[in-house]
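*Asks:* dropping the sequence and predicted coords here.
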Amino acid sequence: MRIRCPLCGERDRREYYYQGDALALNRPDADTSDHEWDDYVHNRINPVGQTRDLWQHSGGCGAWLIVSRDTVSHEVFSVELAKARQEGTQ
Amino acid sequence: MRLAGKGLIDRNSPIRFSFDGSEIAGYRGDSVASAFLASGRKLIARSFKYHRPRGVMGVGSEEANALITVGSGGETDPNVRATMQEIYDGLEVRSQNRWPSLGFDILAANDLAASFLTAGFYYKTFMWPRAFWEKLYEPVIRRSAGLGKLSGEAGQDRYESAFAFCDVLVIGSGPAGLMAALAAGRSGATVILAEEDNMFGGRLNGDTTSIDGKPGHIWAREVCDALAGMENVRLMPRTAVVGAYDHGTYGALERVGHHLSPTSNVPLECFWRIVAKRTVLAAGAIERPIAFRDNDRPGIMTAGAVRTYVNRYGVAPGQSVTIFCNNDSAYDTARDLTDAGVSVSAIVDSRADGPDFADAEVIRGAVVMGTQGRKALRSATIKTSAGPRQIATDSLAMSGGWNPTVHLTCHLNGRPTWNAEKQCFVPTAGAVPGLVAAGACNGEMTTLGALREGLAAAHVCLDALGLIPAPVSLPQADHAAYRQSPLWTVPGKGRAWLDFQNDVTVKDVQQAARENFVSVEHMKRYTTQGMAPDQGKNSNVAALAVLADATGRGIPETGTTTFRPPFVPVSIAAMGAGGRGKGLLPQRFTTSHDVSVAADAPMDESGLWYRPAYFPIAGETTWRQSCDREVTMVREVVGVCDVSTLGKIDVQGKDAGPFLDLVYSNMMSTVKAGRVRYGLMLREDGHVMDDGTVARLADDHFVITTTTAAAGQVMRHLEFVLQCLHPQMDVSLISTTEQWAQFSVAGPKSRTLLAELLGLDLSNEVFPFMSCRDLEVGGVTGRLFRISFSGELAYEIAVPARYGESLFTRLLEAARTYGGGPYGMEALNVLRIEKGFITHSEIDGRVTAADCGMAGLISKKKDCIGKRMSARPGLSGAHRMQMVGLRSVEATQTINAGSHIFAPSAEITPANDIGYVTSNCFSPALAAHIALGFVVNGTERLGETVLCHDPIRGVSTRCTIAHPVQFDPTGDRGRV
Amino acid sequence: MMKFSAFRILKEGLPGNKGWTPHWRNPDPKPAYDAIIIGGGGHGLSTAYYLAKNHGFTNIAVLEKGWLGGGNIGRNTTIVRANYFLPGNSEFYSHSLKLWENLEQELNYNAMLSQRGILSLLHSDGQFYTAARRGNSMLIQGDDARLIHRDELREMVPYLDYEQSRFPIKGALFHPRGGTARHDAVAWGYARGADQRGVDLIQNCEVTGIDIENGKVTGVQTTRGTIKAPKVAIVVAGRSSQVAAMAGMRLPIETHVLQAFVTEGLKPIVDHVISFGMGHFYISQSDKGGLVFGGDLDFYASYAQRGNLPTVEEVMRAGMTLMPALGKAKVLRSWGGVMDMSADGSPVIDKTQTKGLFLNCGWCYGGFKAVPASGVATAHLMATGRHHQMADMYRLDRFQTGYRLMDEEASGSQHNLH
């Protein structure tokens, strides 16, 4: 499995740490409902097919990455730097 | 029997090796199988279940019968294919899965009971009496099952693994693969040509077909010579590509040293991960046996294998060969045999329209309905239109057609496509992204067609790579059509083998269908069809055909099971190369490691680091003596301890304060420069992640510490919060754990010691508790923190790691002048338990701040990671277990960590289990066995007596629940 | 109904094995049932069996989109154990192991339960304490556990690398009643038992929708038409999120691949189940002779039922650290199962907000040994509306409330770390 880090280029899966769904980017405000916090911390759409998830190039530059890929074929569609995104948007 | 003038072996290099103790002669280039056949032997192995006598059946890695054991002692290598093992002088080969000998095998009695050992018989019996399964039935079954035997010793063989990268990986070096490699190589692509065999050329080495007017194997050698001259081409013989993985990654096994004497200084195997931008699969095809009665006798082989033994090895597999086929390719075998002077007794062709053959009788529309001869084939019974006929024959070459080697195209869950015309499964295009199949593995069975497809596949790859194909012309070659007519089984009485290795017969598959195991997966699992070492390469399609017939379906509707990696079995040692001994994970050593080891300190591992447990001195015989002394030394004088393994993260930037407010539960932005604060970090789910100190060196510069074990996790978490949640913050993070050596100097004399050493005023007024500053020591800039993990007056002094050992030595010298010295992890643990300081024994990932009595550390003035979820009702309150101190009622009785806690009179049941002990020690200061633990509503139970119950070690200790801080509860000693 | 025995094998074998009858029928789906179980894996089949046997439900169907036993019960490493230590899990797995011990007689089917003992290796004092806490939980629960020190372990398991390994071995937590079973046979035994009690096992029947009216389940849409039922259970580990989504639910589950490996057949060498936590490696030897082993997840969300090389190699490296004497064993086959990784590493057996709709999911990679108790508990819940005592803590709302979380790995809410 190979992932193209926007900073370092294509690298082996061994260099990356996987965290989970990219919804972790959208941390709710403290006063949001229990239900929404439950969804944020625990519940997942967990799609069959295209998904967006968070990886870190832990064995390389340390950048957190938003990876769009397919959970069945493992095809990677895009990789972006999490840091490049503006806070509050997807 | 050797054939004069035939073969590609080196007749000038004779070799001798042993088989079951007797010597066999061969030549360089021989496999064990070819030399064995040349010696006139037939019986080489026993089958798995019925222990039937078996001979060599094929010629490649898919060999179903001829499994042998090679070598001895720790180097013993079981289940080796005799067809793949090259011979060398002194090679030691043994037969396996037989007792007492290959010729006389007691378990051959199973064959007589075969009627009762059919598919799934073991699911229906061995159930009574119940206790007999483990005591009797299972041990007997286990001993009679299995194939070869491991030595039980770790041998000296070396294994390696490596990465390789290329533009085009070509798998297989028959006509298609060579053509693809040539075209890709000439066009400037970096090419890896991987060939499982020791010789490039594929079937060209076993056949007599010609290319461009010369023998195929000569053409192959010339192409290889050309490839070898190209710098951009890497030829990898003896390398089987065993698995296709995501994004162009392939696993490959190179048999580096199997053909060399064990004394040669090379690794035995190398496991390659090959990353290829494009791949050409040119893996060829595997010939199908035909399922007829007793088709497993020694002397019965596939027709292609017979041809290879004749042409490549110069070996006649028998003196009188019968051929049984449903296709034209077997006629090549007949021709090559007769050309070599071997008698062909008959060609039994199931088709009515088989071709003519001048040198032997062709019996058309006929089948072999049975064979005779126990340890070697004697004769075959033929069913002809004129009635049955017996033919004396010592060798039978069968061909049921060819199965393309589609396996790698299925490794990413792709399913092959049924080709009705050719009666075989072919690869489904696109099943492995970037891979193109060419030649026989793609269902193209002619030499010319394979060459053409290889060239075309190279062009597809070059196009994708943006390379311009160099002109490579297509050679002239045979293009006679592949004519066949399906023939899977010969109906009739008796047993006809499908899976030779697992002893699965046509009847087994039919019985499975009768019992409604009609899904192909059910049939496989019920009969074990295809689960043997050849993974059904020889038999799966035929078994499918039998199942399809039994269920009234077609083969494509019946479907296939899934081919999975590895394509050929790979040793654990090869894929796990580097793991043996210390290789699994790094070992981390502190700068004081050598000094500690020199002081005879036992080194214990923690979070990959090695840390001294204690520093024994003369006269001490137990760890407790040393530990007690070190604890007392710290409490009364001064001790030095290396604490460098604690994680250290440098946090800089103008938003560093607000950032730390987010990741710590308590407020950090208000810490003043030059001050230190204890901090608690939560996971987003509200449980404690870690704790440590936060030192503010300057307004925009903090240094935080983590526990040893959680350093990596915390660093990653901080990067997550920064990059993913607050990318706008002006903060930079870097781990400096390995850059700084840090030592704790603890005890009443620590101030005097350091003030003297550093020439600094360290009085309470100038440098109070929880302060930090830069300093100079021995001309080196370092840092000083006044923090304490022992409760004593204490400092931690840090210098760049290269000066660590020298500072440690100086600190020890200074400490000794006061009667102090080094202390290890055991003493450190006692000191912190006495003080109720937590480690990951307490914050084990399941506890909350409130559980540890630190609810107040979750600031109400700000948000932090984990704050919201820690407010869930289930995460705090009287129903939770809370941290307490424990003190043994009987002074001599220990409280074992891992004990469970009960009310003294309570019955020992799960329902009455109210807590557990996390850490324990003997406290010299308190002269008592004490512990930390968690008890339901523990903070309200101070003073209660409980039972710390440890049945697994047979101990039960009455304890009093105490405040977690059992020593110096006011904390004065650290603030003096 | 054909009873299996040694006598039966003789009786059928003598005339040529022509008299064997189907293990189960191939019924067409009826228009309506009293209850439907979606999923013909281990848990679905055992649920059906116990609904019929314990609660007298016979007008029920199991709907399986593929073949019976084709999920994780058909692709696991066959380990059976009761060595959990947190309340909730302890009593459940303890109960399950007791059911295992009587399973073959109950089902008249040899699932080859082999209580050969599980050894969880220990390498440090700290691990001894943690193991003691676990072992004490097991003993207090009424199960068996023993701490073994190195010398005794060496007698039992001589072929490990005790000294030169990266993690020298100091001892083990021994669970003698743990062991292995023949995984497919468990599915077949339950299927046969359910079928004999009248349960319709319907293969190649994929559920495409769940019909809900006024907050109550009324049936399901399938590739073989609409089937009505007042009670429907979702028992589809690996695909739980998709089927639950048909009822508008989002689950605390992320799906991950776990690989497993088997070697060529070898004469007996590994006589126990050995678990090497430092290397995330475990191994046993099948009765047929193959070494069956595995390690950690591939760690990225996936439904692929196959894995990648980094995990393969990590597992092999751990094996070489622990037992270099097994280095010459050759891996014959690797495969992957897809796991319902829950947010605390423990499962869910619960009602849902839709009346009549039940949920059984989140087994992570521990589902095989749970099969008997999971069936009993799910059947009990479906039949009585009340949670079975031994599975009382497997509630879905624990994540929102924080009560009774069962985080055995102590890794928090990140699904793939359990």
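*Replies:* Sure thing, it's come through.

*Asks:* I'd like the distance between residue C:147 and residue C:126.
*Replies:* 14 Å (Cβ to Cβ, to the nearest Å). Any C-beta I mention is one placed from the backbone N, CA and C, and that applies to glycine too.

*Asks:* quick one, what contacts the nearest residue in space to residue B:589 that is not next to it in sequence?
*Replies:* Closest residue in space to residue B:589, ignoring its immediate chain neighbours: residue B:610 at 5.8 Å, by Cβ to Cβ, 6 or more residues apart in numbering or on different chains. Going by Cβ atoms under 8 Å, 6 or more residues apart in numbering or on different chains, residue B:610 touches B:587-590, B:593, B:603-604.

*Asks:* mind checking the SS state of residue B:610?
*Replies:* Three-state call for residue B:610 (DSSP: H, G, I helix; E, B strand; the rest coil): strand.

*Asks:* before we move on, the earlier item: and which of the contacts of residue B:610 is nearest chain C?
*Replies:* Nearest to chain C among the contacts of residue B:610: residue B:604, at 6.5 Å, using Cβ to the nearest Cβ.

*Asks:* burial count for the closest one?
*Replies:* Other residues near residue B:604 number 18, with proximity taken as other Cβ atoms under 10 Å in any protein chain shown.

*Asks:* can you tell me the element it falls in?
*Replies:* Using DSSP states H and E, residue B:604 sits within strand B:603-606.

*Asks:* roughly how far is that strand from the heart of the chain?
*Replies:* Chain-centre distance of strand B:603-606: 26 Å, with Cα atoms, centre = their mean, to the nearest Å.

*Asks:* note down every partner strand of it and its orientation.
*Replies:* Sheet pairing of strand B:603-606 (DSSP bridges) gives strand B:609-612 (antiparallel).

*Asks:* which strands and helices sit next to the next helix or strand after the strand it pairs with?
*Replies:* Sequence-wise, the next helix or strand downstream of strand B:609-612 (DSSP H and E) is helix B:623-636. Applying 3 or more Cβ pairs under 8 Å, 6 or more residues apart in numbering or on different chains; DSSP states H and E, one finds that helix B:623-636 contacts strand B:821-822, helix B:825-835, strand B:915-923.

*Asks:* of the ones you listed, which is nearest chain A?
*Replies:* The nearest among the helices and strands packed on helix B:623-636, by Cβ to the nearest Cβ, is strand B:915-923 at 26.0 Å.

*Asks:* ok and the closest one relative to helix B:825-835, angle-wise?
*Replies:* In terms of direction (axes from the mean of the first three to the mean of the last three Cα atoms, to 10 degrees), strand B:915-923 departs from helix B:825-835 by 110 degrees.

*Asks:* what mean pLDDT does strand B:915-923 have?
*Replies:* Regarding strand B:915-923, the rounded mean pLDDT is 98.

*Asks:* that one: what's the following helix or strand?
*Replies:* Next element after strand B:915-923 (DSSP H and E): strand B:928-936.

*Asks:* and that next one, what's buried?
*Replies:* Judged by neighbour count using 16 or more other Cβ atoms under 10 Å in any protein chain shown, the buried positions of strand B:928-936 are B:928-935.

*Asks:* other SSEs contacting that strand?
*Replies:* Counting contacts by 3+ Cβ pairs under 8 Å, 6+ apart, strand B:928-936 packs against helix B:825-835, strand B:881-888, strand B:915-923, strand B:945-950, strand B:955-962.

*Asks:* can I get these in a markdown table with distance to residue A:38?
*Replies:* Formatted as a markdown table, the helices and strands packed on strand B:928-936 follow (distance: least, Cβ to Cβ, whole Å):
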| stretch | distance to residue A:38 |
| --- | --- |
| helix B:825-835 | 36 |
| strand B:881-888 | 24 |
| strand B:915-923 | 28 |
| strand B:945-950 | 36 |
| strand B:955-962 | 35 |
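
*Asks:* burial measure for the residue of the stretch 1-150 of chain C found nearest chain A, as a count.
*Replies:* In the stretch 1-150 of chain C, the residue found nearest to chain A is residue C:65; the distance is 12.9 Å by Cβ to the nearest Cβ. Here the count is done by other Cβ under 10 Å, and residue C:65 has 21 residues near it.

*Asks:* quick one, what contacts it?
*Replies:* Counted by Cβ under 8 Å, 6+ apart, residue C:65 has contacts C:204-207, C:223.

*Asks:* what pLDDT does the model give it?
*Replies:* 97.

*Asks:* so who does the residue of the stretch 51-200 of chain B at minimum distance from chain C touch?
*Replies:* With Cβ to the nearest Cβ as the measure, residue B:146 is the residue of the stretch 51-200 of chain B nearest to chain C, at 3.0 Å. When contacts are counted by Cβ under 8 Å, 6+ apart, residue B:146 is found next to B:97, C:265-268, C:288-289.

*Asks:* need the contact list for the residue nearest to it when sequence neighbours are not counted.
*Replies:* Among residues not flanking residue B:146 along the chain, residue C:289 sits closest, at 3.0 Å (Cβ to Cβ, 6+ apart). Residues counted as contacts of residue C:289 (Cβ under 8 Å, 6+ apart) are B:142, B:145-147, C:264-268.

*Asks:* again with residue B:901
*Replies:* With Cβ under 8 Å, 6+ apart, residue B:901 has these contacts: B:913-917, B:933, B:935, B:946-949.

*Asks:* would you turn the residues you listed into TSV with distance to residue B:847?
*Replies:* Converted to TSV, the contacts of residue B:901 look like this (distance: Cβ to Cβ, whole Å):
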residue	distance to residue B:847
B:913	17
B:914	15
B:915	12
B:916	11
B:917	14
B:933	11
B:935	12
B:946	19
B:947	22
B:948	18
B:949	21
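
*Asks:* any idea how far chain B is from the residue nearest the centre of chain A?
*Replies:* Centroid-nearest residue in chain A: residue A:54, 1.8 Å away (criterion: Cα atoms, centre = their mean). Distance of residue A:54 to chain B, given as Cβ to the nearest Cβ, to the nearest Å: 7 Å.

*Asks:* quick one, what contacts that residue?
*Replies:* Counting by Cβ under 8 Å, 6+ apart, residue A:54 has contacts A:18-22, A:24-25, A:64-67, A:82, B:720, B:724.

*Asks:* which residues does the nearest residue to it once chain neighbours are set aside contact?
*Replies:* Closest residue to residue A:54 apart from its sequence neighbours, by Cβ to Cβ, 6+ apart: residue A:19 at 4.5 Å. By Cβ under 8 Å, 6+ apart, the residues touching residue A:19 are A:53-56, B:720, C:414.
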